[in-house]
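Chemist: What shape does this take:
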Amino acid sequence: MSGGGYGRELSLVPATAPTTRPIGTDPAVERDDGEAKKSRQLEEYEAKLKFISDVVPTKTINVQGSAAGAGSSTINIYRKIKIAEEQRWKRVEEEHIRREESEAYEIRKRKREEEDAAKLEKNRAKREKRKSKKSSSASKKKSNNSNSNSNSNSIDRTTACEINVPQVDDLD
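Modeler: Predicted coordinates for the structure are as follows:
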């Protein structure tokens, strides 16, 4: 333990006197709760760091440092690094624009599909209404025609067309 502090060992145990605890309390239980809380906080922190590293683009730093005492090839290295960084940022921006355009396209597509579905449903309702009206008017017509046909022996031209019976014109 001599020699200017190079061989010192660090202790993680605090240098305080042991405390007396009330009877019935277990220090291990308290430590477990504290450790569980710390481990949860650590997991949350790691999740945040992973999210940040995945989402945020990192910029490479020019590690050239100062140009003092640099050789004649330093400018070429600098230019190469600068061009590579500019190209990388251009790709990042293009990807961002591409992602925004695809999201906008998806929104427009969903909107169009919803409008088409609404229009389709509206037209379907119209067709059903027309069909039900036609069938109800046809049933009323049949009931009226059957009553009129039973009263008179003349054949109605519209009824004859519907049942595809050839008509014979009366000669006057």
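Chemist: tell me the mean pLDDT over the longest helix seen in the chain?
Modeler: When the chain is parsed with DSSP state H, its longest helix is helix 74-151. Averaged across helix 74-151, pLDDT comes to 88.
Chemist: Also stretch 42-62?
Modeler: If you average the pLDDT over stretch 42-62, you get 79.
Chemist: which outside residues touch it?
Modeler: With contacts defined as Cβ atoms under 8 Å, 6 or more residues apart in numbering, stretch 42-62 is touched by 78, 81-82, 84-85, 88-89, 92. Bear in mind the C-beta positions are built from the backbone N, C-alpha and C, glycine included.
Chemist: again, 10 Å this time
Modeler: For stretch 42-62, the external contacting residues (Cβ atoms under 10 Å, 6 or more residues apart in numbering) are 77-78, 81-82, 84-85, 88-89, 91-93, 95-96.
Chemist: Can you lay out the residues you listed as a markdown table showing neighbour count and distance to residue 128?
Modeler: Formatted as a markdown table, the contacts of stretch 42-62 follow (neighbours: other Cβ atoms under 10 Å; distance: Cβ to Cβ, whole Å):
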| residue | neighbour count | distance to residue 128 |
| --- | --- | --- |
| 77 | 13 | 76 |
| 78 | 14 | 75 |
| 81 | 15 | 70 |
| 82 | 11 | 69 |
| 84 | 11 | 65 |
| 85 | 14 | 64 |
| 88 | 14 | 60 |
| 89 | 12 | 58 |
| 91 | 11 | 55 |
| 92 | 12 | 54 |
| 93 | 11 | 53 |
| 95 | 11 | 49 |
| 96 | 11 | 48 |
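Chemist: Please name the residues that touch residue 137.
Modeler: Contact partners of residue 137, counting by Cβ under 10 Å, 6+ apart, are absent.
Chemist: Check the secondary structure at residue 35 for me.
Modeler: helix (DSSP: H, G, I helix; E, B strand; the rest coil).
Chemist: what about it, distance to residue 137?
Modeler: 82 Å (Cβ to Cβ, to the nearest Å).
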